[in-house]
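Enquirer: Got a predicted structure plus its sequence, pasted below:
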Amino acid sequence: EIDSTIKIPSYVILEIQGKIKLADDSNTDVIENSDQANGNSEIEIYGGILDGNKNNQAGESRGIDFDHASNFIIEGTVIQNFLNEGIRIGLNQNNTNYVIEDVYVSGCEYGIHVRRSSDATIRAIATGNVYEGIYVHGLSQFITVEASHAFSNGRQGIAIESASNITVIGSTTYDNDQNGILVELSNGVSITGNIAVGNVHSGIRVTSSSNVEINSNTVTANQADGILTNSNETIINGNTVIRNYGHGIHIYRASNCIVQGNLVKDNSQRPDYENYYSGIYITGDSTIPASNIIITGNRIFDDQSSKTQKYGIAVSDTNYVTKLVIVNNDVTGNSVSGISAVGANTIVRQNKGFVTENSGSVIFSITSSVTFTHGLAGTPTGVWCSFNNTDYGSWTWTANSTHITLTVTTANYNGTAYWKAEYKP
């Protein structure tokens, strides 16, 4: 046991064999860099177990606390049971060019807490911490969290806040009490190739941020929306979003977003709320409308025997969700319909399972009127027609949700009509 801090100067390698436990009422950090005012560099820490004995501490205590440090490595260390952070990098000074590798942090207030840092890589396991498993914020930039596992933490598995140019890649977050991955008040964040499963809130949530890309993640069985963003300029591409309790993908009061190439299926699993949530849902209101959103190339369907996913694509209010482009999606097999009503200045085209354009031919045989099925997803808003001869006089059309009727002014007309119909939801 120790009751005072180990302070490490520059150009030192510390290899820990066995366990270092903080003595009762020590109320201090186990390891710090020695000169947090003027800075240290070239420090390496390997192995061992650091135990904070938190039930017997009354004041602040951390496993490793570095500030104003650069070019350091923390590798292969188990850090557990600290009253505050397992690892804290950065408080008042900048920290740069470091690696946290193969570290296991549990039972602390925060697992790994990174502030005022740049050019760093974190590969760690963080579990059972009171708040975030891995927390990157405080003006940090160019940080990569990769091949990490953050699970069963009291808030987020991985949180990015007030940071820029951050990458979260190839990591797993599950069973956290809030979100799997949270991005807040940040810019230029890439969330790629991660797995977010069974978190109490959303799998991936982005709020009050910009230029965020969410690519190729697997997001399943989370107890709110699979992916939720309220941030402009979010790109959501190539994700697999399945069996979440709420909407699969939810754009909330945001604009200039792209939702492309995602597999979204069998969502709305919240007990007693089946057929309530949709695959892709856009929310806008009088305070913050949603607009200029492209939804293309997605497969959004429900293949359960008892379907739960209400619509493939839906909006909250057609007055406040406008200027959407919904093209080339597969929206077959949802519980109610492929696409709900949409707002003004919206383009809906070429979506499988929600036909908005159709055409064909119909024969008049000694009659002035003919009725036929149009195959559109709703009552046509426009019908165009040409004939194989000029004997018809003039023509008019009427329609309902299933049929079109063409009427010519020539009685007992014989000829063929070539029709095209369009439905604008």
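Expert: Cool, the structure landed.
Enquirer: isn't Gly343 right up against Thr318?
Expert: Yes: if you go by CB atoms under 8 Å, Gly343 and Thr318 touch, sitting 4.2 Å apart. For the C-beta atoms, the positions are set from N, CA and C on the backbone; glycine is no exception.
Enquirer: Looking at the two, which is more packed in?
Expert: Set side by side, Gly343 and Thr318 show more neighbours around Gly343, with 21 against 15, by other CB atoms under 10 Å.
Enquirer: That one: what secondary structure?
Expert: Following DSSP: H, G, I helix; E, B strand; the rest coil, we place Gly343 in the coil state.
Enquirer: show me what contacts it?
Expert: Residues near Gly343 by CB atoms under 8 Å, 6 or more residues apart in numbering: 284, 315, 317-324.
Enquirer: what's the residue closest to the geometric middle of this structure?
Expert: In the chain, the residue lying closest to the centroid (CA atoms, centre = their mean) is Ile227, at 3.3 Å.
Enquirer: Could you work out the end-to-end span of stretch 167-178 for me?
Expert: Stretch 167-178 has an end-to-end distance of 20 Å (CA to CA, to the nearest Å).
Enquirer: ok, now stretch 2-19?
Expert: First residue to last in stretch 2-19 (CA to CA) measures 11 Å.
Enquirer: Which positions within it qualify as buried?
Expert: Neighbour counts over stretch 2-19 (16 or more other CB atoms under 10 Å) mark 5-6, 8, 10, 16 as buried.
Enquirer: With secondary structure, pLDDT and distance to Asp25 as extra columns, can I get the residues you listed in a markdown table?
Expert: Compiled in a markdown table, the buried residues of stretch 2-19 are given as follows (DSSP: H, G, I helix; E, B strand; the rest coil; pLDDT from 0 to 100; distance: CB to CB, whole Å):
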| residue | secondary structure | pLDDT | distance to Asp25 |
| --- | --- | --- | --- |
| Thr5 | coil | 98 | 14 |
| Ile6 | strand | 98 | 18 |
| Ile8 | strand | 98 | 24 |
| Ser10 | coil | 98 | 31 |
| Ile16 | coil | 98 | 23 |
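Enquirer: Just flag the most distant two among those.
Expert: Maximum pairwise distance in these, criterion CB to CB, is 18.6 Å, between Ser10 and Ile16.
Enquirer: How much space separates Arg67 from Ser4?
Expert: That one is not Arg; residue 67 is Asp. Using CB to CB, to the nearest Å, Asp67 is found at 18 Å from Ser4.
Enquirer: How many residues are close by Glu75?
Expert: If you count neighbours by other CB under 10 Å, Glu75 ends up with 14.
Enquirer: can you check Asn92 too?
Expert: For Asn92, the count of nearby residues is 10 (other CB under 10 Å).
Enquirer: give the contact list for it.
Expert: Residues in contact with Asn92 (CB under 8 Å, 6+ apart) are 36, 67-68, 116.
Enquirer: let's see it at 10 Å
Expert: 36-37, 67-68, 115-116 (CB atoms under 10 Å, 6 or more residues apart in numbering).
Enquirer: Can you add distance to Gly52 and give those back as TSV?
Expert: Shown next, in TSV, are the contacts of Asn92 (distance: CB to CB, whole Å):
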residue	distance to Gly52
Gln36	20
Ala37	25
Asp67	19
His68	23
Arg115	20
Arg116	23
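Enquirer: buried subset of these?
Expert: 36, 67-68, 115-116.
Enquirer: what two of those residues are the furthest from one another?
Expert: Pairwise over the buried ones among the contacts of Asn92, using CB to CB, the maximum falls at Gln36 and Arg115, 13.0 Å.
Enquirer: In the sheet, which residues pair with Lys352? Tell me.
Expert: Beta-bridge partners recorded for Lys352 (DSSP bridges): Asp330.
Enquirer: do the one 5 residues further on as well
Expert: Under the criterion DSSP bridges, Glu357 forms beta bridges with Glu422.
Enquirer: What is the burial count for Phe82?
Expert: The tally of other residues near Phe82 (other CB under 10 Å) stands at 31.
Enquirer: How about it: what's its closest non-neighbour residue?
Expert: The spatially closest residue to Phe82, leaving aside those adjacent along the chain, is Gly52, at 3.2 Å (CB to CB, 6 or more residues apart in numbering).
Enquirer: Could you do Thr381 as well?
Expert: Nearest-residue entry for Thr381: Lys424, 4.6 Å, with adjacent residues in sequence omitted and distances by CB to CB, 6+ apart.
Enquirer: Please apply the same query to Lys54.
Expert: Leu83 (4.4 Å).
Enquirer: quick one: secondary structure of that neighbour?
Expert: Secondary structure assignment for Leu83 (three-state DSSP): coil.
Enquirer: Next: Asn55.
Expert: Assignment for Asn55 (three-state DSSP): helix.
Enquirer: didn't it look like it was pressed against Leu83?
Expert: Yes: look at Asn55 against Leu83 with CB atoms under 10 Å: they come within range, at 8.9 Å.
Enquirer: which one of these two has more residues nearby?
Expert: Applying other CB under 10 Å to Asn55 and Leu83 shows that Leu83 carries more neighbours, namely 20 against 8.
Enquirer: Distance of the more buried one relative to Ser106?
Expert: Taking CB to CB as the criterion, Leu83 is separated from Ser106 by 14 Å.
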